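*Asks:* what's the 3D shape of this:
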Amino acid sequence: MKILSAIALTASLLSASAVFAAEQSVTLNVANATCELCGPIVKRALSNVPGVLKVDVSEATGAAIAKVRFDDSQTNVAALITATTNAGYPSSIAQ
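*Replies:* Residues are numbered from 1 along each chain as shown. Now for the predicted structure:
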């Protein structure tokens with residue numbers, strides 16, 4: 001009986017955490033993205049982060065703008081910034 005109660009409690013806790021997950025969006029300014037190949041590299045780096053749902057990258061003068069939708073139960077903005085930085089394109093949240 002105790003095992004059944006423990007299983008029920010675990011299941012309820014796991015399902016409760018899913019309720020708090022939400023889709024988030026962030027716009028990143030991506031430095032050093034100045035060539036035709038930079039945008040696709042940034043997009044691939046961000047797309048490879050678990051929890052990323054969609055990435056749109058547009059070019060700007062001397063940089064790029066990345067709009068990212070993600071599941072905040074799987075990733076966060078810091079992980080997205082780390083992904084672009086590790087690909088050679090440091091980024092920051094657009095103001």
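
*Asks:* Which helix or strand contains Lys43?
*Replies:* Assigned by DSSP states H and E, Lys43 belongs to helix 38-47.

*Asks:* cool, and Ala79?
*Replies:* Taking DSSP H and E as the definition, one finds Ala79 inside helix 77-86.

*Asks:* Can you report how many residues lie near the nearest residue to Gln24 once chain neighbours are set aside?
*Replies:* Closest residue to Gln24 apart from its sequence neighbours, by Cβ to Cβ, 6 or more residues apart in numbering: Asp72 at 4.7 Å. C-beta here means a position set from N, CA and C on the backbone, and glycine is covered the same way. Other residues within reach of Asp72, judged by other Cβ atoms under 10 Å, total 13.

*Asks:* so what strands line up beside the next helix or strand after the helix holding Lys43?
*Replies:* Per DSSP H and E, the first helix or strand lying C-terminal to helix 38-47 is strand 52-60. Here strand 52-60 has these sheet partners by DSSP bridges: strand 63-71 (antiparallel).

*Asks:* for the chain, which spans come out with low pLDDT?
*Replies:* Counting by pLDDT under 70, the chain shows low-confidence ranges at 1-20.

*Asks:* if we go to 50?
*Replies:* Within the chain, the stretches with pLDDT under 50 are 6, 16-17.

*Asks:* What is the burial count for the closest residue to Ile81 other than its chain neighbours?
*Replies:* Of all residues not flanking Ile81 in the chain, Ser91 sits nearest, at 5.2 Å (Cβ to Cβ, 6+ apart). Residues lying near Ser91 (other Cβ under 10 Å) number 29.
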